[in-house]
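Colleague: structure for this input, please:
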Amino acid sequence: MGSAIIHCATLIKSMPVGPALEDITGDLDAAVQESGVKNGVLHATVIGSTTSLTTIEFERGVIEDLKRAIMRLAPPGLDYEHERAWHDGNGHSHVQAALLGPSLSVPIRSGKLALGTWQQAVIINHDNRARERRVEVTIIG
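Modeller: Numbering: from 1, shown residues only. A predicted model of the protein is given here:
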């Protein structure tokens, strides 16, 4: 058995006001190829409390459905304690991001991400302003 490979990468994404989704599957695929890992796991974590990672079919209708669902779960304009403390208008952004979560793990098999045909990895900016987002990627195999 050979020694383990640990490969790290950082993705930087400029994102518009949320909820805004961007497909990062190609970026994650590129990190896997760069790592040389054939079988293992990719773990990605987005840095920031108003952003999240998930998988979805990255298709206009599904994207709009998810945006609407996110806004129904934690809409802007409600009485958020965060607003009372900070008055920055993004209490809903923190709640939305917490509900979806900051990280994603995907198996790597035969040098490829083990995702379904219609399954893409996405980053979501929930903030009420455009933000530059950082995703830290760790690949182990």
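Colleague: what's the closest non-adjacent residue to Ser14?
Modeller: Glu132 (5.2 Å; Cβ to Cβ, 6 or more residues apart in numbering). All C-beta spots, glycine's among them, are computed from the backbone N, C-alpha and C.
Colleague: that neighbour: how many residues sit nearby?
Modeller: Burial of Glu132 is recorded as 10 neighbouring residues (other Cβ atoms under 10 Å).
Colleague: my guess is it contacts Leu11, does it?
Modeller: No: with contacts counted by Cβ atoms under 8 Å, Glu132 stays clear of Leu11, the gap being 10.9 Å.
Colleague: if we can go back for a sec, what's near enough to touch the residue nearest to Ser14?
Modeller: Ile12, Lys13, Ser14, Met15 (Cβ atoms under 8 Å, 6 or more residues apart in numbering).
Colleague: top of those residues by number of neighbours, please.
Modeller: So for the contacts of Glu132 (other Cβ under 10 Å), the most neighbours sit at Met15, 20 neighbours.
Colleague: list the contacts of it.
Modeller: Each residue near Met15 by Cβ under 8 Å, 6+ apart is listed here: Glu22, Thr51, Ile123, Asn125, Ala130, Arg131, Glu132, Arg133.
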